[in-house]
Structure formats: C-alpha cells, structure tokens
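Chemist: quick one, structure for this:
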Amino acid sequence: MKTLLKSCAVLLTASLSLVSCKDDVALQQPTPQSADKALSKKLDEKAALAEAESLVAEAAKAAGVSKESFSNARRTRFTREQNVFLPNALAIDFEKATTTLPLLEGIGPSGQPTYYIVTEAANYYVARILGVNFAPKLVFGRDTEGSQEVTFERGKIKFKGDVDFSPERVLAAGTTSTFPPSVAQPGAVGDAEYSSLVVLPSGSVLNAQIVANSTGRHDRAVAIDYQRRTITLQILDGFQGGDQFFYHLVTDASDPVAATIEKGVYAPRLGNLPTFGLSTEFDESALLAFSPVANGETGVDNPQRQGLNSTIVDGDRDPINVFPLDPENSKQFGNNYSPMWDAHVSMWTEEAIAAGKRRRITSFEDLADLVEQGYVTSFAGNMGQPNGFVAGLMPTNLIINCPVIAQPLPGYMARK
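Modeler: Numbers count the residues shown, from 1 in each chain. As a prediction, this is how the structure comes out:
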C-alpha cells in the first residue's frame, strides 16, 4: 500500500514540475501583446514565480515527496493523438468523459481547509511552473469587481470568498418552451466575495476554482481522494473547428440558469469581469466568445442532438456548445485563449425549423454561414452590440468558466 501511495504522490507532483530560474531573465523582456503589457504593470515577477513554487512545494509536501523528486512525466503521460491541452491533467477517460486533476488544499475565510484546482495562469512562466493552461487575457480581470484577491498563509492560498455546495440542484423545462427553464436552482453557490479569477499578492492571476469544502463537493466531481490529493471530474463534449470531442470542464458560471444547466458553481461575482462582446486578442477583455445553441435538436439517440434545451429534457446530456479556438500553451505572444467564456447564445429561426434545416452546428465558420442564410440568429434574451468575432451574434452578458482539457484527434476517437 505504501508503494502505491508513493507512486500516486509522484504522479501528482510530477504534474506540477518546476521550470528553471533562468526564466527570470525572460520575464524581464518587454512583450508585444496587450495582455502581457497589462500584466507587467502591476506584477512583481519574481514574487509571482516564488508564489508558484510555494504552491508546488506545498503540494509536494502534502503528497509526501520532495520537490527534488519532481520529474517531467506530464510530457509523456498522453499521446499526440489524445491531444491533451491541460498539462497538469493526471488522467483522462475519454469513454466516461472524466479527467483527474491535482487537488490543492487552501484555507477558507473561516480558517477551515478548502480544496481547489488550478487550470490557468495569466503569466506564461507561472503557467509552466504550475503545469496549467496559459491564458493571458485573464489579466484584464485583475483590479475589477469580478476578481478575488487572496493572501498566502503557510504556503497555502487563503480565500476571501467561499462556496456552499449543500443546495440541491433542480432543473425543470419551461412552460412555453424548454429553454429558458421554469426552475433553475444551482447545486452550489459562491458568496459575494467568491470568484475563481484569483489575484495573488504579487499581482499574478490564476483560474483557481474551489471544488470541495466542509459543505460538500462540486456537482461535476465523480471522486475525490484527499490522501492522494486528486479529484476526478466530469468533462463535457463540444465542437471546435468542425471536429467534435472538444472536451472542457465547467466549474463556475455568473448566471444561476447557466450554472444549473452546466452543473457549475453559481458565482455572481464573475459577472463583473470585463468586457462582454469583446473577443479579439487586441480587446482589453478577460473573456472569449463561444456559442451555446438554445433550441437545437433533442432526443437521446438523435445524432443531431445539440442545445441547452436538449440538456434539460435529455437527462443532463452535454449541450455540445461551439467554441472558436484551442488553448496554445507554447504560444507566448498573440495568444487569445481564455477559460472565461462569454456566452453568445444562438437560436434556430422558426423558418429554419419548419424547413427541416436544424442540425448540429460544428464550428464558428459553420455558424457564420447559417447566420448569413437566415437560419440562425441571436437568442431573444441576448443584449448589447453584435459581435463580429462570433458571426455578429449578441452576447447574453453571462460568463461560463470552462477550461479546455483536450480534443482527441478524430482517428483516436474512431477507434474507441
């Protein structure tokens, strides 16, 4: 048993391997990207690296191994065909649609233990140290009412906000149409101080999501091993670039309906992040547009099934949302990825439905063609200015925090 526990601990800590201190030099170099410039304004770069190393050291201590025993095992854990983006993923079961991630222990506002995951960092080198996705756009959430400033105590993050995981999730179809639902009660609710866009004392920005505490655990948690410090969570299917199996993990949402449908934490503070409807790498926005479908085809066995309405009536199956791009963790500049997805909900027109045109939408290009043909338009509840990044649809002014985990190549999934 000791051998088994130690090997699991090594697996966990390997996922958080460190980079060389020589990267300090690279951190001082000016960068051309607007997000990098914004980050450097209020970032103590050496302190940010020290914080990241402290988190890794604490994780190693909790797992029972030394920092020196860390390896680069995460580089060989998955095959090229599996196409896993999130470096710190310990395992992915593509058939069951789950991922196992490192579980970190923090301190809640009351001083009690709280457990969280980290999936993104706004700084390229911090992301490498922690083994997470690089999401430079997150920096635009710093110094806003959408963020949560945290402190460090004994090498652990102390959160100002907390999550109540005790509510019962309730979802019921609407009376006149399936979506919006008539009842949407989230299974977890963040308090007024809670946001998963976390700002550390150095100014470093992380996507750090609380997934368990004394009140319970995240609705997408399949299993938690507190001794080995791992958590296994459900991941969702989607489309990107014409290909399916764009697996992502929903952790939080700024809207109670979205949080209920997607089995995430209702975190209203996220709704204060800037800026809805702005999605290019040159926009000072922490958000990136994606497009859920309101009224797609339904039916558990229907190969064209897609939509928020389907999730409600088809037994909580994935809505199969449409995304614009992959994480590019090796791309330090010109990187437009963010896990804070700005929902531009689309809707099939009555004319398209009557003509039998409704089907799965598979990419942003496909969506643009359907909008141009008049088959798809903005959902009736959308507001604001049309966003050219997403076929001219309007935003709904709600955010869903869903880090992208993997998109296995079509040939790999065909063999499954």
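Chemist: point out where this protein drops to low pLDDT.
Modeler: Scanning the chain for pLDDT under 70 picks out 1-41, 63, 65-76, 415-416.
Chemist: ok, now with 50
Modeler: Along the chain, segments meeting pLDDT under 50 span 1-32, 70-73.
Chemist: how about the helices in it?
Modeler: 2-14, 23-27, 34-41, 45-63, 124-130, 256-261, 308-313, 350-354, 364-372, 410-414 (DSSP state H).
Chemist: so how far is Arg142 from Val205?
Modeler: 5 Å (C-beta to C-beta, to the nearest Å). Yep, even glycine has a C-beta here, placed from its N, CA and C like the rest.
Chemist: mind listing the shared neighbours of those two?
Modeler: Taking C-beta atoms under 8 Å, 6 or more residues apart in numbering as the contact rule, Val205 and Arg142 both touch 122, 197, 199.
Chemist: quick revisit: so Val205 and Arg142 - more neighbours on which side?
Modeler: Val205 (30 against 24; other C-beta atoms under 10 Å).
Chemist: what's around the spatially closest residue to that one that is not a sequence neighbour, how many residues?
Modeler: Excluding its sequence neighbours, the residue lying closest to Val205 (C-beta to C-beta, 6 or more residues apart in numbering) is Ala122, at 3.8 Å. Under the neighbour criterion other C-beta under 10 Å, Ala122 is assigned a count of 30.
Chemist: again, but for the one 4 residues further on
Modeler: Using other C-beta under 10 Å, Val126 has 30 other residues around it.
Chemist: how much space between Cys402 and Gln240?
Modeler: Distance from Cys402 to Gln240, by C-beta to C-beta: 12 Å.
Chemist: more crowded one of these two?
Modeler: Set Cys402 next to Gln240 and count neighbours by other C-beta under 10 Å: Cys402 wins out with 24 against 21.
Chemist: quick one, what contacts Tyr157?
Modeler: That one is not Tyr; residue 157 is Ile. 55, 104, 106-107, 116, 150-151, 198, 200, 208.
Chemist: which of those residues are buried?
Modeler: Buried members of the contacts of Ile157, counted by 16 or more other C-beta atoms under 10 Å: 55, 104, 106-107, 116, 150, 198, 200, 208.
Chemist: a markdown table for these, including distance to Gly264?
Modeler: Shown next, in a markdown table, are those (distance: C-beta to C-beta, whole Å):
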| residue | distance to Gly264 |
| --- | --- |
| Leu55 | 23 |
| Leu104 | 19 |
| Gly106 | 19 |
| Ile107 | 23 |
| Tyr116 | 14 |
| Val150 | 20 |
| Val198 | 16 |
| Leu200 | 23 |
| Ala208 | 15 |
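Chemist: show only the entries of these found in strands.
Modeler: Applying DSSP state E to the buried ones among the contacts of Ile157, the entries found in strands are 104, 106-107, 116, 198, 208.
Chemist: and the residues you listed, which is closest to Phe282?
Modeler: Val198 (25.2 Å; C-beta to C-beta).
Chemist: find the nearest non-adjacent residue to the closest one, please.
Modeler: Using C-beta to C-beta, 6+ apart, the closest residue to Val198 is Ala208 (4.3 Å).
Chemist: residues in contact with the one you found?
Modeler: 116-118, 150, 157, 196, 198.
Chemist: could you find the closest non-adjacent residue to Ala52?
Modeler: Ala52 sits nearest to Ile129 (C-beta to C-beta, 6+ apart), 4.0 Å away.
Chemist: the one you found: neighbour count?
Modeler: 21.
Chemist: now do Asp225
Modeler: Asp225, neighbours per other C-beta under 10 Å, totals 14.
Chemist: bridged to it, which residues?
Modeler: Beta-bridge pairing for Asp225 (DSSP bridges): Thr230.
Chemist: before we move on, back to that, wait, the residue nearest to Ala52 sits on Val56?
Modeler: Yes: at 6.5 Å, Ile129 counts as touching Val56 under the criterion of C-beta atoms under 8 Å.
Chemist: how near is the residue nearest to Val198 to Asp342?
Modeler: 20 Å.
Chemist: quick check: the closest residue to Gly155 other than its chain neighbours vs Pro102, distance?
Modeler: Of all residues not flanking Gly155 in the chain, Glu58 sits nearest, at 4.1 Å (C-beta to C-beta, 6+ apart). Using C-beta to C-beta, we find Glu58 at a distance of 11 Å from Pro102.
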